[in-house]
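Colleague: model this:
(2 chains)
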Amino acid sequence: MMLISAFVAGVLFGGGLLLSRMSNPNNVLAFLDLAGDWRPALLYTMAAAIAVAAPAFWAARRSQQSLLGLHVELPDRFRFDASLILGSAIFGVGWGLSGICPGPALLLLSRADRGAIIFALALIVGMLIRVPSAQSAPRSRQRRLQQPSH
Amino acid sequence: MSSVSAIRISWACGMGPDQIPALQSVLGGALIGAGAAVLILFNGRVAGISGILGRVLHGDPGTGGWRIAFLSGLLLPALLLGPGVGGLQASWPLLATAGLLVGFGTRLGSGCTSGHGVCGIANLSPRSLAATGVFIGVAVLTVFLVRHGGRG
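Modeller: The predicted structure follows:
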C-alpha cells in the first residue's frame, strides 16, 4: 500500500511539473531573469503547490502518524547552520547557470538527449560526493543526510 | 568563458520561454502540491527530490523501496508524454558544471526546490524559507551576471 501511495505521489508530482512546463529550463530561467523578459509563471506554480500542500503538512505535523500508520518524518524546522546556507548558495549557482533542478533533471532524461544525460550524470556525481561532517554542528544534531532512514 | 557566453546570447534549449497561461501554472502547481500532500499524508515523508534521489544513490531505497516507487511515478508522465521541451543546447562544460553544483549543493543544503521550496515552506519551516531565499537569490544573481554582466 505504501508503495502505491508513493508511486501515485510521484505521478502527481511529475504530472504537475509537466503541466506547469517547469521541466523546460527556459521557463525557469525566464523567472530568474529579473532584468530581462521576466515571466512570473514559476511563482504561480510554487505558490499553488505550497497552498495545496500546506494543509496536509499541518495535519501531518499534528497527528505524527500517517494514514497508513507510519511515523511522520519531518525535519527540524528551526535548525540553521552553515551547510544549509552554503549548500543552498552552491545549488543556486548551478540552478542559475542551467535552469535545471533535480526533478526536471530526471524528467529531461526521458528524451535521453546528450545534454540531459551529461547534466544527470554530473548531478549524480555531485550527490555522491561525501561531505566531511560539519565540525561546527553540535553532536546531537548531525546532518540529515547521514541519518539512517526508517 | 565560451561556455558561459553561449548561454548569455541564447536560451538553454535554443529558444525563449513558453507562453504559459496563469491557470495552467496554477493547476500544475496544485498537482505538485497534491503529490507532496499524498506522500506526507500516506507515507509520512517529505517529497524532496534531491533527498530521495540522494539516498537512493547512497544505497538507501527506504522501507519496501518507497523511494524507488516515488521516482518511478515521477518519471512516468514524462516517459509517456515527453519532457515538454526539445534537447538541451547549452554547451557540455556548462551542463556538467551546473549539474555538479546542483547535485552537491542540494545534498549539502539538505534540499532543493521541492524539499525546501514546496514542502518546507508548506510546513511553515523558517529553515526551508531561508534556504529557498538563498537559492533563488543566488540563482537570480547568477542569471543576471551570465546574461547581463557584460553590459555594464
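
Colleague: Just give me the neighbour total for residue 128.
Modeller: Since you didn't name a chain, this refers to chain A. 13 (other CB atoms under 10 Å in any protein chain shown). Any C-beta I mention is one placed from the backbone N, CA and C, and that applies to glycine too.

Colleague: not quite, I wanted chain B
Modeller: 26.

Colleague: Wait, it touches residue B:114, no?
Modeller: No - using CB atoms under 8 Å as the test, residue B:128 is too far from residue B:114 to be in contact (10.7 Å).

Colleague: Say whether chain B is contacted by stretch A:86-102.
Modeller: Yes - counting by CB under 8 Å from any CB of the partner chain, chain B has neighbours in stretch A:86-102: A:86-102.

Colleague: which parts of stretch B:111-131 are buried?
Modeller: Buried residues in stretch B:111-131, defined by neighbour count with 16 or more other CB atoms under 10 Å in any protein chain shown: B:111-123, B:125, B:127-131.

Colleague: whoops, stretch A:97-115 was the one
Modeller: A:97-111, A:113, A:115.

Colleague: can you check stretch B:141-152 too?
Modeller: For stretch B:141-152, the neighbour count (16+ other CB under 10 Å) marks B:141-144, B:146-147 as buried.

Colleague: restrict the residues you listed to those near chain A?
Modeller: Contacts with chain A within the buried residues of stretch B:141-152, counted by CB under 8 Å from any CB: B:141-144, B:146-147.

Colleague: Which of these fall in helices?
Modeller: B:141-144, B:146-147 (DSSP state H).

Colleague: Show me the shaky parts of the chain.
Modeller: Going with chain A. Along chain A, the model assigns pLDDT under 70 to residues A:132-150.

Colleague: please go with chain B instead
Modeller: Scanning chain B for pLDDT under 70 picks out B:1-15, B:150-152.

Colleague: Grab the nearest non-local neighbour of the spatially most central residue of it.
Modeller: In chain B, the C-alpha nearest the mean C-alpha coordinate belongs to residue B:113, at 5.1 Å (CA atoms, centre = their mean). Once flanking residues are discounted, residue B:113 sits nearest to residue A:101: 4.5 Å by CB to CB, 6 or more residues apart in numbering or on different chains.
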